[in-house]
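Student: Next come a sequence and a model predicted from it.
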Amino acid sequence: MKEFNQRAHARVSYPTADRPSLVFDIESYDVVDISKYGLKVFTDNDLAFLKNDSVIALIVFLDGREFNLTGHVVRLGHNYAGLQLDTPLPLDVIEAEAMH
């Protein structure tokens with residue numbers, strides 16, 4: 001079941017089977033959660049994600065919606081990267097994702 005959290009920006013967390021994909025370079029990564037201005041991505045410690053690096057990618061939701069995005073890596077953790085987006089994801093997309 002997806003979780004909708006109230007924070008500075010509402011966040012939707014995904015169970016493994018429902019995760020959207022982040023297509024970056026030639027690789028695809030699972031998106032663990034989204035908010036208006038950020039993503040948490042499962043990286044499996046892939047070196048493609050380095051702190052402060054710029055990211056130009058495509059997020060693909062399970063229903064087929066796609067959004068181009070740009071941002072930068074603000075946080076690295078065990079198997080995860082936190083991305084801050086330059087342009088927000090539309091709030092209606094976040095709300096729709098929370099309802100699925």
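Tutor: Received, thanks. Only a predicted model underlies this, so the values are computations on that prediction, with no experimental measurement involved.

Student: Pull the number of nearby residues for K36.
Tutor: As a burial measure, K36 scores 16 neighbours (other Cβ atoms under 10 Å). C-beta: built from backbone N, CA, C; applies to glycine.

Student: Over to A57?
Tutor: Other residues close to A57 by other Cβ under 10 Å number 22.

Student: Ignoring the adjacent residues along the chain, who's closest to it?
Tutor: F24 (4.2 Å; Cβ to Cβ, 6 or more residues apart in numbering).

Student: In a helix, D46, correct?
Tutor: No - according to DSSP: H, G, I helix; E, B strand; the rest coil, D46 belongs to no helix; its state is coil.

Student: Quick one: residues contacting R65.
Tutor: Counting by Cβ atoms under 8 Å, 6 or more residues apart in numbering, R65 touches V93.

Student: what do you get if the cut-off is 10 Å, keeping everything else the same?
Tutor: Shown here is R65, whose contacts under the criterion Cβ atoms under 10 Å, 6 or more residues apart in numbering are 20, 59, 90, 93, 96-97.

Student: and which of those is nearest K36?
Tutor: Top of the list for closeness to K36, among the contacts of R65 and by Cβ to Cβ, is P90 at 8.4 Å.

Student: Backbone torsions only: list them for A98.
Tutor: Backbone dihedrals for A98, given as degrees, to the nearest 10, come out at phi -70, psi -30.

Student: does V74 sit in a helix or strand, and which one?
Tutor: Taking DSSP states H and E as the definition, one finds V74 inside strand 66-77.

Student: quick one: contacts of that strand?
Tutor: With Cβ under 10 Å, 6+ apart as the criterion, strand 66-77 contacts 20-24, 37-41, 43, 45, 48-61, 81-90, 93.

Student: Now with 8 Å, please.
Tutor: Judged by Cβ under 8 Å, 6+ apart, the contacts made with strand 66-77 from elsewhere in the structure are 38-39, 49-60, 81-87, 89, 93.

Student: I appreciate the help and will end here.
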